[in-house]
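Q: Need coordinates for the following:
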Amino acid sequence: MERLARVVGHLVESGGYFRLSATKVSSESKDHNSNDHNSKTVKESKDDNSKTDEIVTYELFKIAPRWLFLRIETRKGIVGWGEPSLEGWCDSVMTCVGEMMESIVGEDPARIQYIWQKIRRQKFYGGGPVIMTSLAGIDEALWDIKGKTLKAPVHQLLGGAVRDRLLVYRWFGGHRNDPQSAANEAKRVLHQSNYRLLKMNACPPMQFIDTDGKIEIARETMKAVREAVGPDIGIGVDFHGRVKPPMAKKLVKALSPFNPLFIEEAVHPDQNHYLKAIAANTHVPLATGERMYTLSAFRDLLETRAANIIQPDCSHVGGISGLFRIAVMGQAYDTALAPHCPLGPIALACCLQVDACAVNFAFQETSLGIHYNTEGGLTISSDKCALLRFVKNPQVFDVDKDGYMKIPKTPGLGVEIDEELVRKAAVLGHNWRGREWTLQDGTPTRW
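A: Here you go, the predicted structure:
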């Protein structure tokens, strides 16, 4: 009888590692105890010299501080990397990627849009952070494979760059900043790096209706930072969706005199309908989008004309395919693009590929120095250079004297992953979880 290739999953019970491969078995020797839902039947592999390739294996690696890397390999031996990192929900995404790959192993990796739509449209349930993050990692890896196959960087496959270099920003401070320490750290970051744009959290947790004391702390912090760095340094402030609409109006009014570069997530995305009223009372650009996952969600936001900057996260909106569609749609509204990316090197490399092509690109977030990079419970990323740790060509993320990164030129995503180090790190995995904050009366609240 015709020989078949079946997908067989293998879970290695040491840290954060999962591998799935396509192995050939005859239909006569099919294991009758196997679950058909956990397998994929494909025709026997073609000869290696044929023009059509196919996806044969994938592996997932939990990497400290809080990342998930996906490695997909084709029958011709081409490897692509993606980063389906959803902070605090890594294990859920690992399971979801596995379910998606049941439909993908055996497919031609060059058919990126077919695979994207297959996952997005053939399944009854779609959208949301777990599903779109899982799809993102697969999509990113497929673009990496396509670029390596064609020996071209991904941005060339998207139509080519519209600029020569990419403006970037980085974090300073933590979740609860006092004026003096925030000002000191801002000066330290500027002294030790070439970044000209910075971002910090704006405020501590707030009640639905709070006192002006917390507003004053945030105002004094922003004032101290502005005085420390001067008018030529951009300072973005992130409300992190932790501020309720009544207090958001007050906080925006208090910070606006110090000319923030932008205000991020002034309200949680569930309350984006308040943005129009907030925007009417400030000259500061409003930014949002990191917790929005679909093209239709960004369409609805853009229709309000309330957000000046959209911040889709490549690893949360379905990968390069999703990010590029959102970027192009934003052009129709003359809305700036500033992709969200407090994640690892693969996610950042994917963003840079789209940034190069999007005419409305403004600046790119990076995780260099972000406070989360000291977390995850493991010494392998106990420093603040975790962004550079797992790449063999860290110079791709060098920042020039004006605060710009170069557009990656090598085939695929432009980063060479240190696979040996990734495998070592995945043995340990990570245990990163989101904060669990409460208000003064014990009510759970967003962080």
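Q: Surely Pro408 and Phe397 touch.
A: No - with contact defined as C-beta atoms under 8 Å, Pro408 does not reach Phe397; the gap is 9.2 Å. Backbone N, C-alpha and C define where each C-beta goes, glycine included.
Q: Please enumerate the strands of the stretch 101-250 of the chain.
A: 165-171, 197-201, 234-238 (DSSP state E, counting those that start in this stretch).
Q: which helices and strands does the longest one pack with?
A: Secondary-structure packing of strand 165-171 (3 or more C-beta pairs under 8 Å, 6 or more residues apart in numbering; DSSP states H and E): strand 197-201, helix 345-357, strand 364-365, strand 404-406.
Q: and among these, the most buried is which?
A: Stretch with highest mean neighbour count among those: helix 345-357 (a mean of 28; mean count of other C-beta atoms under 10 Å).
Q: hmm, back to that, any chance of the strands of the stretch 101-250 of the chain in CSV, with mean pLDDT and distance to Asn360 too?
A: Output for those, formatted as CSV (pLDDT from 0 to 100; distance: least, C-beta to C-beta, whole Å):
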stretch, mean pLDDT, distance to Asn360
strand 165-171, 96, 13
strand 197-201, 95, 17
strand 234-238, 97, 17
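Q: Let me have these in a markdown table, extended by distance to Glu220.
A: Below are these laid out as a markdown table (distance: least, C-beta to C-beta, whole Å):
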| stretch | distance to Glu220 |
| --- | --- |
| strand 165-171 | 20 |
| strand 197-201 | 13 |
| strand 234-238 | 13 |
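Q: ok, and the closest non-adjacent residue to Lys76?
A: Distances taken as C-beta to C-beta, 6 or more residues apart in numbering put Asp53 closest to Lys76, at 4.9 Å, once the chain neighbours are dropped.
Q: Hmm, that neighbour is touching Gly106, no?
A: No - taking contacts as C-beta under 8 Å, Asp53 lies outside contact range of Gly106: 11.0 Å.
Q: Counting neighbours, what do you get for the closest residue to Ala152 other than its chain neighbours?
A: Closest residue to Ala152 apart from its sequence neighbours, by C-beta to C-beta, 6+ apart: Pro411 at 5.9 Å. Other residues lying near Pro411 total 17 when counted by other C-beta atoms under 10 Å.
Q: what do you get for Glu416?
A: Glu416, neighbours per other C-beta under 10 Å, totals 16.
Q: Wait, it touches Gln395, no?
A: No - using C-beta under 8 Å, Glu416 makes no contact with Gln395, being 10.7 Å away.
Q: remind me which residues of the stretch 251-400 of the chain are low pLDDT?
A: Along the stretch 251-400 of the chain, the parts satisfying pLDDT under 70 run over 374-385.
Q: Try it again at 90.
A: For the stretch 251-400 of the chain, applying pLDDT under 90 flags the ranges 368-389.
Q: Tell me where it has helices.
A: 275-279, 295-304, 319-331, 345-357, 386-389 (DSSP state H, counting those that start in this stretch).
Q: And the fourth one, how far out from the chain middle?
A: Right, the one you point to is helix 345-357. Centroid separation for helix 345-357 versus its chain: 10 Å, with C-alpha atoms, centre = their mean, to the nearest Å.
Q: CA-only coordinates of that helix in CSV, if you can.
A: What follows is helix 345-357 as a C-alpha-only set of coordinates in CSV (Å, rounded to 0.1, in the frame of the first residue of the first chain):
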residue,chain,number,x,y,z
PRO,A,345,15.6,39.2,19.2
ILE,A,346,13.5,37.3,16.7
ALA,A,347,10.4,39.4,17.4
LEU,A,348,12.5,42.6,17.0
ALA,A,349,14.1,41.4,13.8
CYS,A,350,10.6,40.7,12.4
CYS,A,351,9.5,44.3,13.3
LEU,A,352,12.5,45.8,11.6
GLN,A,353,11.7,44.0,8.3
VAL,A,354,8.2,45.6,8.2
ASP,A,355,9.4,49.0,9.6
ALA,A,356,11.8,49.2,6.6
CYS,A,357,8.9,49.0,4.2
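Q: packing partners for that helix?
A: Using 3+ C-beta pairs under 8 Å, 6+ apart: helix 345-357 touches strand 79-82, helix 129-150, helix 154-157, strand 165-171, helix 319-331, strand 364-365, helix 386-389.
Q: mind putting these in TSV, distance to Val237 included?
A: As requested, the helices and strands packed on helix 345-357 are exported to TSV (distance: least, C-beta to C-beta, whole Å):
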stretch	distance to Val237
strand 79-82	31
helix 129-150	24
helix 154-157	30
strand 165-171	12
helix 319-331	22
strand 364-365	13
helix 386-389	22
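Q: So which of those is nearest Pro65?
A: Nearest to Pro65, of all those, is helix 386-389, at 5.6 Å by C-beta to C-beta.
Q: can you list contacts of that closest one?
A: With contact meaning C-beta atoms under 8 Å, 6 or more residues apart in numbering, helix 386-389 is reached by 64-65, 344-345, 348, 366-368, 373, 380-381, 394, 397, 418, 421.
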